[in-house]
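# What shape does this take:
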Amino acid sequence: MATIYEVSSLAGVSLATVSRVINNNTRVSDKTRKKVEEAMSELGYRPNSIAQSLASNRTNSVGILVSELHGPFFGQMMAGIESELRAAGKHVIITTGHSEEDREKEGIDFLISRNCDALIVHLEGLTDEYIINLSKGSTPIYFMSKIIPELEENCIYLDNELGGYLAAKALIDKGHTQIAYISGPKFKPDSKDRLIGHKRALSEHNLAFNDELYFEGDFKETGGKAGLKQFLTKKLAFTALVCANDEMASGAMTYAREHGFALPQDLSIIGFDNIIFSRHIYPKLTTIDNPVYDMGHMAAKLVLKNVYQQKNLTINHSFEPALINRDSIAQL
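Numbering: from 1, shown residues only. Take a look at the predicted model:
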């Protein structure tokens, strides 16, 4: 097997120069870098990752913790992060926290034990106090879909309150005044903020929030089905339904069709997230765009800028949702 010494000899450069090329150091001219890369290719040389990490004090790996692996939302988030890091020659190690305090702690400990250069985490079970303490450690930590005022420069987040407002307003603008609401789990900040925005839109239009038309869902299809079932069982009057994510909206649409509803003529439904299947279900789902893929890209850029010292990267910490008008809302 070829060695770094043979690469150095064939390329006619020093060992230090070969090392700089291997570790993507910018202090190498394009001409020299090309000579070293051609020598590595000719000799079939593969850099030893352990030796690389010892030489650079970097593992070139970034840990990712998400709540779940299933579903399109976290898939888009991880894809956005990984594609940006891979383009920069970095790799990811992924684990889950399942929105539970103990499992999020275990996941973070696991990633730190793997000597990741930084962590990008989506946390829902840990307190801000614990997170602030955690951020004082030696491993840099960056936060997805979350804002902690004391750590705002390490956060990439969406204005969920504005998203909740836009969803309700889209229905009100179409003449709907009797609006049911299926939220995500109450303990999740995204759920709380979206509901606050929903209530703000109702208040601005002198509409009361009806507690009877509220159901706490689970951010899964099952929550959408269960919520709509409860409203219909109670024989409550409503013409429109806000679901706090697209998966629950899909479940509610399925349940509505199974029980003889024509959509959107009999019931208007709006979701949140704009995940990939929202444009393919029938009717095509009107929803609120949550640009989680772009946010994943941005979180990776934040790591590349702060941890790997890449220059000329513009960081945008805050993202705004937008209404995506499709076919699931009827005009009254």
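# any residues touching stretch 119-138, and which ones?
62-67, 74, 77, 81, 97, 99-105, 108, 111-112, 139-146, 148, 150-151, 154, 187-189, 299-300, 303 (CB atoms under 8 Å, 6 or more residues apart in numbering). For every residue, glycine as well, the C-beta is placed using N, CA and C.
# try 6 Å
63-67, 81, 99-101, 104, 111, 141-142, 144-145, 148, 150-151, 188, 299 (CB atoms under 6 Å, 6 or more residues apart in numbering).
# Give me the buried subset of those residues.
63-67, 81, 99, 104, 111, 141-142, 144-145, 148, 151, 188, 299 (16 or more other CB atoms under 10 Å).
# residue boundaries of the strands in the protein?
61-66, 91-96, 118-121, 141-144, 155-158, 179-183, 214-216, 240-243, 268-270, 287-289, 318-319, 322-324 (DSSP state E).
# Distance of residue 202 relative to residue 212?
14 Å (CB to CB, to the nearest Å).
# In terms of neighbours, single out the busier of these two.
Shown here are residue 202 and residue 212; by other CB atoms under 10 Å, residue 202 has more neighbours (21 against 12).
# separation between the residue lying closest to the more buried one once chain neighbours are set aside and residue 76?
Distances taken as CB to CB, 6 or more residues apart in numbering put residue 209 closest to residue 202, at 5.5 Å, once the chain neighbours are dropped. Distance of residue 209 to residue 76, computed by CB to CB: 31 Å.
# Neighbour count: these two, which is higher?
residue 76 (21 against 14).
# Could you double-check that that one lies in contact with residue 290?
No - with contacts counted by CB atoms under 6 Å, residue 76 stays clear of residue 290, the gap being 9.1 Å.
# Identify the bridge partners of residue 319.
residue 158 (DSSP bridges).
# Would you confirm that it contacts residue 159?
No - using CB under 6 Å, residue 319 is not in contact with residue 159; the gap is 7.3 Å.
# Residue 87: how many residues sit nearby?
Residue 87: 11 neighbours (other CB under 10 Å).
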